[in-house]
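In: Quick check, what structure comes out for this input:
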Amino acid sequence: MESRNPVFANSGEWKRGGYATFDAPSSSRPARGGAPGAPADASAQTLEDWYRKPSATPEQSRRMTLDDVVVRTGMLFVVLLAGAAIGWTAQVGLLLAIGAALGAMVLGIWAQVSKKVRPGVMFAYAGLQGVFVGAISQWYTLAFGNGLVPQAVVGTLAAFGAMLLAYKTGLIRATARFRKIMTIAVIGYLIFGLVNLGVALFTGASVYGMGGIIPVLVGGLGVTLASLFLVLDFDYIEQGIRNGLPQQEAWRAGFGLMVTLVWLYLEILRLLAILRGSD
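Out: Numbers count the residues shown, from 1 in each chain. Purely as a prediction, here's the structure:
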């Protein structure tokens, strides 16, 4: 299974390779004079390379379970919430908040592109991203009034529950077509966001600052994309468990889920601010 999620796509383990325990040839018919389980056309060199692969360690031989993913996701969220509390109470300035966001982005890319699972990098990302989330949440509260953050939290939990229900009941399926559409849509939305940010920095104008229905539609699009991306996360986790991935991959699964939920929260928070600002 080759994942389309950027958090999972670079994981060699997600493709079930690299250890003799995980990538044994699939055919059970032995080659002439070969070992049971070897493919019929396997050469002597192929068999030799296969048997020379390192054996899986005890950590690698344990399989990922749903409980593993839940526990590691919870651990990452504890650090995220601690960082958010610091960002909220310390009243960090705009430059520090942006610096935390940029630092989190670098660490997030590192965690994504690394073939090795790096829990330490993921925890560092959660802490820095939490500082940014706390600071931006306080800014929205000061700018648009109290009650915005609790509403965004409830909205995030509601969207999570709705997408999980839709996925489990088969209402939304993570088909190849669905993944392709989501990939294109998210890339387009990211490009739009970068262009909008550049225009805002140089001209002071922003799509979200416009009046009328356009900011609401754009904000709603962001919430929709983030919500639908949860379906891809659920599918990757379920397939990873079904394929018997090593237990350490639960860190990568939890990290991907946390990244999507933070994205969803920020999109809902912005949409609520747009709606309140238009009142």
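In: Show the subsequent helix or strand relative to the helix or strand hosting residue 190.
Out: Using DSSP states H and E, residue 190 maps to helix 176-203. The helix or strand immediately downstream of helix 176-203 is helix 214-242, counting by DSSP H and E.
In: Could you tell me the angle between that following helix and helix 176-203?
Out: The directions of helix 214-242 and helix 176-203 differ by 140 degrees, with axes from the mean of the first three to the mean of the last three CA atoms, to 10 degrees as the criterion.
In: where are the low-confidence patches of the stretch 51-200 of the chain?
Out: Along the stretch 51-200 of the chain, the parts satisfying pLDDT under 70 run over 51-61.
In: Now do the helices in it.
Out: Taking DSSP state H, counting those that start in this stretch as the criterion, the stretch 51-200 of the chain contains helices spanning 58-61, 66-89, 94-113, 119-144, 148-168, 176-203.
In: Export those helices as TSV, with columns for mean neighbour count and distance to residue 226.
Out: C-betas here are computed from N, CA, C, even on glycine. Below are those laid out as TSV (neighbours: other CB atoms under 10 Å; distance: least, CB to CB, whole Å):
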stretch	mean neighbour count	distance to residue 226
helix 58-61	12	33
helix 66-89	18	16
helix 94-113	16	15
helix 119-144	21	14
helix 148-168	16	8
helix 176-203	12	9
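In: out of these, which comes closest to residue 270?
Out: helix 119-144 (7.9 Å; CB to CB).
In: And residue 170, how far from residue 235?
Out: Residue 170 sits at a distance of 12 Å from residue 235 (criterion: CB to CB, to the nearest Å).
In: between the two, who's got more neighbours?
Out: A count of neighbours by other CB atoms under 10 Å puts residue 235 above the other of residue 170 and residue 235, at 21 against 7.
In: Identify the residues contacting that one.
Out: For residue 235, the contact set (CB atoms under 8 Å, 6 or more residues apart in numbering) comprises 167, 174.
In: now do residue 189
Out: Counting by CB under 8 Å, 6+ apart, residue 189 makes contact with 221, 222, 225.
In: try it again with 6 Å
Out: Listed by CB atoms under 6 Å, 6 or more residues apart in numbering, the contact set of residue 189 reads residue 225.
In: ok, now residue 268?
Out: Residue 268 touches 152, 155, 156, 223, counting by CB under 6 Å, 6+ apart.
In: What is the nearest of these to residue 245?
Out: For these, the nearest to residue 245 is residue 156 (27.0 Å; CB to CB).
In: I'd like to know how far the nearest residue to residue 205 once chain neighbours are set aside sits from residue 227.
Out: Nearest non-adjacent residue to residue 205, counting by CB to CB, 6 or more residues apart in numbering: residue 199, 6.1 Å away. Using CB to CB, residue 199 is found at 26 Å from residue 227.
In: Please give me every residue in contact with residue 237.
Out: 69, 253 are the contacts of residue 237 under CB under 6 Å, 6+ apart.
In: now it: how far from residue 104?
Out: 22 Å.
In: and if you look at residue 210?
Out: Relative to residue 104, and taking CB to CB, residue 210 is found at 29 Å.
In: burial count for the residue nearest to residue 247 when sequence neighbours are not counted?
Out: The shortest distance from residue 247 to any non-neighbouring residue, by CB to CB, 6+ apart, is to residue 62 (4.1 Å). Neighbours of residue 62 under the rule other CB under 10 Å: 15.
In: next one: residue 173
Out: Neighbour count for residue 173, taken as other CB under 10 Å: 11.
In: got the contact list for it?
Out: With CB under 6 Å, 6+ apart, residue 173 has no contacts at all.
In: Next, it: phi, psi?
Out: Main-chain dihedrals, residue 173, degrees, to the nearest 10: phi -120, psi 140.
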